[in-house]
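> Next come a sequence and a model predicted from it.
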Amino acid sequence: MDEISRLSDSLVSSAVLSGVESQGTPSVSSNNDLPEPVPATESRCVLEDFVQCSKSHLWKLMMSFYDRKGVESWSQGIVPHFITCNSFIGSSYAKVLHGYIRDALRLNKLNTNEPLYIIELGAGSGKFSYFMLKALYEMRDVCDFPFNKIVYVMTDFTENNFKFWKSHPSLKMYFDMGVLDAGIFDAVNDDKINLFFSGKVISKGSCVNPVCVVANYLFDTLYHDIFQVDGGQLKEGTSLTHSLTYLLTHSLTRDRFG
């Protein structure tokens, strides 16, 4: 795992569709007017040749990065997060949930004597969790569902984030009230959540009320495949994982002629 962790910061992935290779990262737009980059063939290290995207080693490297960095992924500005981790967006989500509760109660879809679980997948630093829960707390007097029956559940796959949440002073009040719980959950492999504070287990069929799920910046980190429809033909993309040297050579070539 240590070897994978050291590699994870210096590897990139290239995708191929119909035999045409597209180099670089998703944030770099392609420009057909630029000359072909000159690959640094001598220093390029291929970790994994072209494979089906969902089977790429890149996913394990990414998971290793988040596990190793923990909340520093966000606190050090490595991973962008402000757009979904601020009081405005937390309040907006709380209002959407409040509207759902109102509609569900009118249709007799909720039991006010049973918990209403709000599960956040990939809670990361927990900043969004705090803002949404704070907004729900401030709305408790105008919500028709009893606030003490709402249970917000923070989850992530890495124990480093979990330890950070359960000891954070800003979350302590909600943990003590029983309206906040937490558990380790890998959205790729797990099918149940063991709640740390209540000791309960959330699994298929275990909840009386519908489960509400929050998933900000989650699906782009789950194993997936690449497909494209071209001229009525379905094509599958494959992924190549190699060292950063080749990407840097490509970027420098773009800048030189751009």
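Nice, thanks for sending it over.
> Now do the end-to-end distance for stretch 163-171.
Criterion Cα to Cα, to the nearest Å; first-to-last residue distance in stretch 163-171 is 12 Å.
> Let me see the mean pLDDT of it.
Throughout stretch 163-171, pLDDT has a mean value of 90.
> in it, what counts as buried?
Buried residues in stretch 163-171, counting neighbours by 16 or more other Cβ atoms under 10 Å, are found at 164-166, 168, 171. In this view, the C-beta of every residue, glycine as well, is placed from N, C-alpha and C.
> for the residues you listed, which one is nearest His242?
Phe164 (33.2 Å; Cβ to Cβ).
> quick one: that closest one and Ser125 touch, right?
Yes - counting by Cβ atoms under 8 Å, Ser125 is a contact partner of Phe164 at 7.4 Å.
> on that earlier part again, just the buried residues of stretch 163-171: which are in helices?
164-166, 171 (DSSP state H).
> Can you name the residues in contact with stretch 166-186?
121, 123, 126, 129-130, 133, 137, 147-148, 150-159, 162, 165, 193-198, 200, 202 (Cβ atoms under 8 Å, 6 or more residues apart in numbering).
> After the helix of greatest length in the chain, which helix or strand is next? Please name it.
Secondary structure assigned by DSSP H gives helix 87-106 as the longest helix of the chain. The helix or strand immediately downstream of helix 87-106 is strand 116-120, counting by DSSP states H and E.
> what domains does the record give for this protein?
2-73+224-257, 82-216 (automatic domain parsing).
> how close does Lys109 get to Ser206?
17 Å (Cβ to Cβ, to the nearest Å).
> Least reliable of the domains of the chain by average pLDDT, please.
domain 2-73+224-257 (a mean of 60).
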